[in-house]
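# Got a predicted structure plus its sequence, pasted below:
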Amino acid sequence: MQAMLLFLFKAAHDPRFNSDIIMNEIRLVSANNYGNGGLSFIDRQIYHYVLIPFTKKALLQQEKQFTWMERYITGGHPKPDWAPGRDDAMNLTKYFMTSMPEDNTFGPTDFPSIWNLGIRSG
């Protein structure tokens, strides 16, 4: 989850993250007989003027709310990256949902998959 968030934040800073380029890519990837990427005229306008610009704006705003992921914990050590199936659930709630002040805590939480649970028995 952390890697995906960081990727999306970095993508929002890329100058290629704009309506013209993204709409052209949609057209190229899923072009129909009319070359419109399978989108109607109205859909193309909504994507071009609303969805893509607002998505970029929202990602840039949310990036500011997730800066705590890159902070350091006590002793000058960086917070560990979230591992697959894990996140920092307590800090995610504290900083993103309640806007509490940042501190040096780190609380990794393991979220096991719902398949292959036999390896966790015992």
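That came in fine, so what should we check first?

# Spell out the residue ranges of the helices in this structure.
2-13, 19-29, 41-46, 52-65, 89-91 (DSSP state H).

# And the shortest one, how far out from the chain middle?
By that I understand helix 89-91. Centroid separation between helix 89-91 and its chain, computed with C-alpha atoms, centre = their mean, to the nearest Å, is 17 Å.

# Just the buried positions in that helix, please.
Asn91 (16 or more other C-beta atoms under 10 Å). (Each C-beta comes from the backbone N, C-alpha and C, glycine too.)

# Then stretch 38-52?
Here stretch 38-52 shows 39, 44, 47-48, 52 as buried, counting by 16+ other C-beta under 10 Å.

# Equivalent analysis for stretch 84-97, please.
Neighbour count says stretch 84-97 has 86-88, 91-92, 94-95 buried, by 16+ other C-beta under 10 Å.

# Thr109: neighbour count?
Neighbourhood size, Thr109 [other C-beta atoms under 10 Å]: 13.

# From Asn18, how far off is the closest residue to it other than its chain neighbours?
With C-beta to C-beta, 6 or more residues apart in numbering as the criterion, Thr109 has its nearest non-adjacent residue at 4.0 Å, and that residue is Ala89. Between Ala89 and Asn18 the computed distance is 34 Å (C-beta to C-beta, to the nearest Å).
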